[in-house]
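next one to model:
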Amino acid sequence: MLPELVESKAKGEIAEIYAQIRSTCAVPYVSSLQRHLATRPGWLEWAWAAVAPVFRSGIGPTAAWEAADALTVPELPPLSRSVLGVWGVDAKALHHIRNICATFVRVSPTNLMFSALVRHQLRVAPSDEPRGQVPHWDAPAALPGLPPLVDPLSMDEDAQGALMQLGNEVDGQPFVPGIYRMLGQWPAYLAHVSAVLRPHFDDAATKACCAELLRFVDDAAATVAKSLPPPPAAVIRPPAEQHESVLDAIEQYRQTSPQMVVFGTMLTNALPDD
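Modelled structure (predicted):
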């Protein structure tokens, strides 16, 4: 799997940045993009310093969520409580699955905004101009905590195969989005998810929906970027020879994040009502 610094092992400035991301995005976890950047010396520190003002002010998250709200997603076959029960998904598990999907639908647009703004900052010339004042913003209440990510190596061969069918490659390494690794706690349900979602990876309507979200967020990010002050001179810009590698990784994440919104919504809509 692509290297990540898990939240439980973060210390010092990285731990503080993780906490700020959770707070400004109103989510209980830090996304895989930030966790990966944290493994590259100095990258998360610079990236967050560069884009944090529009997250603290609420401009970035709000624009990202509004872009996602404009989507109409394809439908999956509805599931009954009886079918879920056969798969070992009881009422408590159903609640957890709903929360997992809701969290990824909330965080993925902000992740797309984050990546678009970091990409923008890498393409503009560095500056030592002072930063402006950040207006106060009260983020919405965070969603409930999430179950841990399932280690693919801890799964049996069939469950691991079903999980890997939902993955792709980032920077030459296999990558499976966190939503599926969390759903791996219910292997039979995960197998169903793998079976019904995998055809949508190549479905024209679903791909068009993902592309539409990416376009919505990129258009919003172009406007949001105008509100960004230059990164502070005290935060060292990572070496230029590392930029292309990070941009390549960002581009791969940007292909996965729209799927998290579209597929997370599709999975939620297929669940029985509370």
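
now do the strands in the protein.
168-170, 173-175 (DSSP state E).

generate CSV for those, with mean pLDDT as supplementary columns.
Shown next, in CSV, are the strands of the chain (pLDDT from 0 to 100):
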stretch, mean pLDDT
strand 168-170, 70
strand 173-175, 75
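
and of those, who's closest to Val262?
Proximity to Val262 (C-beta to C-beta) singles out strand 168-170 among those, at 14.9 Å. Every residue, glycine included, has its C-beta placed from N, CA and C.

quick revisit: and of the strands of the chain, who's closest to Ala142?
The closest of the strands of the chain to Ala142 is strand 173-175. By C-beta to C-beta, the value is 25.3 Å.

so which elements touch that closest one?
Helices and strands touching strand 173-175, by 3 or more C-beta pairs under 8 Å, 6 or more residues apart in numbering; DSSP states H and E, are strand 168-170.

returning to what we had before: now render the strands of the chain as JSON lines, adding mean neighbour count and distance to Ala47.
Listed next are the strands of the chain as JSON lines, based on neighbours: other C-beta atoms under 10 Å; distance: least, C-beta to C-beta, whole Å:
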{"stretch": "strand 168-170", "mean neighbour count": "15", "distance to Ala47": "16"}
{"stretch": "strand 173-175", "mean neighbour count": "14", "distance to Ala47": "19"}
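
got TSV for those, with distance to Pro53 too?
Formatted as TSV, the strands of the chain follow (distance: least, C-beta to C-beta, whole Å):
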stretch	distance to Pro53
strand 168-170	28
strand 173-175	29
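
Leu214 is nearest to which of those strands?
When the strands of the chain are ranked by proximity to Leu214 (C-beta to C-beta), strand 168-170 comes first, at 15.3 Å.

circling back to that earlier point, point out the one among the strands of the chain that comes closest to His95.
Evaluated over those, closeness to His95 peaks at strand 173-175, with 27.6 Å, by C-beta to C-beta.

strands paired with the closest one, and their directions?
In the sheet, strand 173-175 lines up against strand 168-170 (antiparallel) (DSSP bridges).

pLDDT wise, what is the residue lying closest to Gly184 once chain neighbours are set aside at?
Leaving aside its chain neighbours, Gly184 sits nearest to Val150 (3.6 Å; criterion: C-beta to C-beta, 6 or more residues apart in numbering). Looking at Val150, its pLDDT stands at 91.

next up, phi/psi of Val150, please.
Backbone torsions for Val150, taken as degrees, to the nearest 10, come to phi -80, psi 130.

for it, give its distance to Arg181.
To Arg181, Val150 is 5 Å away according to C-beta to C-beta, to the nearest Å.

what do the two both touch?
Residues touching both Val150 and Arg181 (C-beta atoms under 8 Å, 6 or more residues apart in numbering): Leu163.

isn't the residue nearest to Gly184 right up against Ile179?
No: Val150 is beyond contact range of Ile179, at 11.3 Å (criterion: C-beta atoms under 8 Å).
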